[in-house]
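Asks: give me a model of this one.
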Amino acid sequence: MTPRLGSAVKKLAVYLILITICLIIFIPLLITLFASFKTSMEIGSEFSLKPPANFDFENYGVVLDKGKFLQGFGNSMFLVAVSVVINALLGTMTAYAINRFDFRLKKIILGLFVAGMIMPGMITEISRFTVIKNLGLYNTIWAPIVIYAAANLVQLYIYTQFINGIPKELDESAMLDGCSYFSVFNKMIFPLLLPATATLGIIKAVDVMNDMYVPYLYMPSSSLRTLTTTLMYFSSSKFGSWDYLSAAIILVMLPTLLIYLLFSKYIFKGIVAGAVKG
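Replies: Below you'll find the predicted structure:
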């Protein structure tokens, strides 16, 4: 086999793999989109990839009305806004303390962060549930916020890479002028971390909006329904049907998809910038 033919075969193999991946991702989405415009009878009798004869939005109207979609959207937005703000503050302050200060038990604390990332969440679920209930937060909107507010190891790593790129001489000169550690962080460090904060905030927002497990477990009340737990309503035996469920899936997917499409370039820019600064 000549080198040119070998290169062509490799390119063809890469294209075939990429096309296969795209089909695996987009075919289920296309089936769901078509089903959201069909009736239950059409879904059961027609080929899944056959486009609907009429693009009727009746299923979407039922989802918006019966599923209290707007209420779920409001609850999800509240969770996202509060969680992202608290998470950003805790994450930046923790990364600043770890990067700039040497203190006892520092390595142990970092080891605990690593252990928390490695350990499966289900192992600690009983203790976490007990803590949330003892705090009186169960079945309130603040229970997921307490869980979402925690910083993770990847977040701390990105923040510390950005802080590594900020000269320590700036801290020292500011403190010579009478600034406290809090003033240095508030007026100098945090503003310089805004690119990383925007990147991680978008990622966190998408994670919170897509999470079904935590809201379903800690907020069982119907008045605290989120976008994702709205899907549980349409998958139940009482009101479950593929046409309504498909419409609900599309509606739930739209906010997350819009956030990703609008801010994807900032996500990659922030992660790459953090890697370069490291």
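Asks: can you give me the strands in the chain?
Replies: For the chain, applying DSSP state E gives no strands.
Asks: where in it is pLDDT low?
Replies: Applying pLDDT under 70 to the chain picks out residues 1-2, 5, 151, 236-240, 264-278.
Asks: measure the residue positioned nearest the centre of it to residue 214 for me?
Replies: Nearest to the geometric centre of the chain sits residue 207, at 1.4 Å (Cα atoms, centre = their mean). According to Cβ to Cβ, to the nearest Å, residue 207 and residue 214 sit 10 Å apart. Bear in mind the C-beta positions are built from the backbone N, C-alpha and C, glycine included.
Asks: again with residue 87
Replies: Counting by Cβ to Cβ, the gap from residue 87 to residue 214 is 14 Å.
Asks: overlap of the contact sets of the two?
Replies: Common neighbours of residue 87 and residue 214 are listed as residue 148 (criterion: Cβ atoms under 8 Å, 6 or more residues apart in numbering).
Asks: could I get the contacting residues of the residue lying closest to residue 59 once chain neighbours are set aside?
Replies: Among residues not flanking residue 59 along the chain, residue 247 sits closest, at 3.9 Å (Cβ to Cβ, 6 or more residues apart in numbering). Contact partners of residue 247, counting by Cβ under 8 Å, 6+ apart, are 36, 59, 60, 62, 63.
Asks: neighbour count added to these, as TSV?
Replies: Shown next, in TSV, are the contacts of residue 247 (neighbours: other Cβ atoms under 10 Å):
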residue	neighbour count
36	25
59	25
60	18
62	18
63	27
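Asks: tell me which two of these sit farthest apart.
Replies: Spatial extent of the contacts of residue 247 (Cβ to Cβ) is set by the pair 36 and 62 at 10.9 Å.
Asks: how close does residue 212 sit to residue 87?
Replies: According to Cβ to Cβ, residue 212 and residue 87 sit 19 Å apart.
Asks: what does residue 184 give?
Replies: For residue 184 relative to residue 87 (Cβ to Cβ), the value is 22 Å.
Asks: same thing with residue 103?
Replies: Residue 103 is 23 Å from residue 87, where distance means Cβ to Cβ.
Asks: residue 204 is in contact with residue 259, correct?
Replies: No. With contact defined as Cβ atoms under 8 Å, residue 259 does not count as touching residue 204 (10.9 Å).
Asks: the more surrounded of those two?
Replies: A direct count of neighbours by other Cβ atoms under 10 Å for residue 259 and residue 204 places residue 204 higher, at 22 against 17.
Asks: chain neighbours aside, what residue packs nearest to that one?
Replies: Distances taken as Cβ to Cβ, 6+ apart place residue 84 nearest to residue 204, at 5.2 Å, with adjacent residues excluded.
Asks: neighbours of the one you found, just the number please.
Replies: 21.
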